[in-house]
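**Student:** Return atomic coordinates for the entry below.
(one chain, ligands or ions: 1)
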Amino acid sequence: MKILVVNGANLHLLGIREPEIYGTSSYADLVSLLRADAAENGDTVSFFQSNHEGELADRIAQAYFDGTEGIVINPGAFTHTSVALRDAIASVGIPTVEVHISDVSAREDFRQVSFLRGVCVGTVSGRGFDGYLDAIRLLKGTDRERS
Ligand code: DQA
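**Tutor:** Numbering: from 1, shown residues only. The predicted model follows:
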């Protein structure tokens, strides 16, 4: 399967940002983990991280043209604000799973709303980096939704 992993605002700071919430492993560690998993399972995986909402929307749109079959997205804070990213996912019609490293349901009120959830085929929250692996399994139809 050709999979695109999109990470939004501040996720390039994994390992540095609030390690008590997001852990001590870096964005590079996340990429390595997912590359190894893809190699093991015969998937093709590409990565995109940006702090800019428009760039994230552009990359999702590009996925329509590059043959991407599934998207895993951790939008970061854009989860709770972005109609544009919701519309981008709805526009391309590519099955998409929303991931959150932390358990957003146990955090602040403003994190309880996800603008993207309704256009995603599943949401995985609070599973750390394993949540991205869960999302890939979900896209491939080999596991059930976790949240
Ligand atoms: C996050 C949760 C969001 O609320 C937050 O803004 C993030 C990361 C997560 O992975 O747990 O940047 O998406």
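
**Student:** Could you see whether the ligand lies near the helix ranked longest in the chain?
**Tutor:** For the chain, the helix that runs over the most residues, judged by DSSP state H, is helix 27-41. No: on the criterion C-beta under 6 Å from any ligand atom, helix 27-41 is out of touch with the ligand, staying 10.7 Å away. Quick note: C-beta positions are derived from backbone N, CA and C, even for glycine.

**Student:** And the residue at the greatest distance from the centre of the chain, how far from residue 80?
**Tutor:** Distance from the C-alpha centroid of the chain peaks at residue 109, with 21.0 Å (C-alpha atoms, centre = their mean). Residue 109 sits at a distance of 10 Å from residue 80 (criterion: C-beta to C-beta, to the nearest Å).

**Student:** again, but for residue 136
**Tutor:** From residue 136 to residue 80 the distance is 24 Å (C-beta to C-beta).

**Student:** Counting neighbours, go ahead and name the busier of the two.
**Tutor:** Higher neighbour count among residue 136 and residue 80: residue 136, with 25 against 16, using other C-beta atoms under 10 Å.

**Student:** which residues touch the closest residue to residue 44 other than its chain neighbours?
**Tutor:** Spatial nearest neighbour of residue 44, chain neighbours left out: residue 2 (4.7 Å); criterion: C-beta to C-beta, 6 or more residues apart in numbering. Going by C-beta atoms under 8 Å, 6 or more residues apart in numbering, residue 2 touches 43-44, 67-70.
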